[in-house]
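**Q** all I have is the shape, not the residue letters:
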């Protein structure tokens, strides 16, 4: 399966998917740690996360999939929501919680 | 090493902005970008406009860029607060 197909399947199978560096318990980057913190604050406890450091094809593939050059990337119900900055903004104004409901 | 001023110039070269402010230490940068083309676009689409302006530099030279995108109206409202 191509990286594109793998990602497509992941984001369509799971309601909330976070592509990140490291794992929710051990994030390897401050932005990824911030993304996990926000999701937990919104009550998402079982985050389906993908560690892009473990897979070079996904690491490149996720950037092409969303036309977005950075990680973390959050997907909710198959839709690309944004990276760390957008998550922070949407968390502060309550939009993220609404989207996750 | 990339300076905040470099990043400001890269963004302005690729996107007609009303205002760009960048700060940072050469590794991590923070930017406020004000552009009338953001009007009516989602945040993802707004950030994509900036990323497109930065092009390959975003993949190669710039490690981390936090950005806040605003329309001129949003920027004016923010400053008057």
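**A** Perfect, thanks for sending it. Computed from a prediction, not measured in an experiment: that's the story for all the values here.

**Q** from residue B:51, how far off is the residue nearest to residue B:28 when sequence neighbours are not counted?
**A** In this structure, residue B:28 finds its nearest non-sequential neighbour in residue B:64, 4.6 Å apart by C-beta to C-beta, 6 or more residues apart in numbering or on different chains. Every C-beta, even on glycine, is put in place using the N, C-alpha and C of the backbone. Distance, residue B:64 to residue B:51, using C-beta to C-beta, to the nearest Å: 13 Å.

**Q** swap in residue B:66?
**A** 13 Å.

**Q** could you do residue A:33 as well?
**A** Counting by C-beta to C-beta, the gap from residue A:33 to residue B:51 is 22 Å.

**Q** same question, residue A:47
**A** Taken as C-beta to C-beta, the span from residue A:47 to residue B:51 is 25 Å.

**Q** again, but for residue B:73
**A** Counting by C-beta to C-beta, the gap from residue B:73 to residue B:51 is 23 Å.

**Q** those two: which is more packed in?
**A** Using other C-beta atoms under 10 Å in any protein chain shown, the more surrounded residue of residue B:73 and residue B:51 is residue B:51, with 22 against 12.
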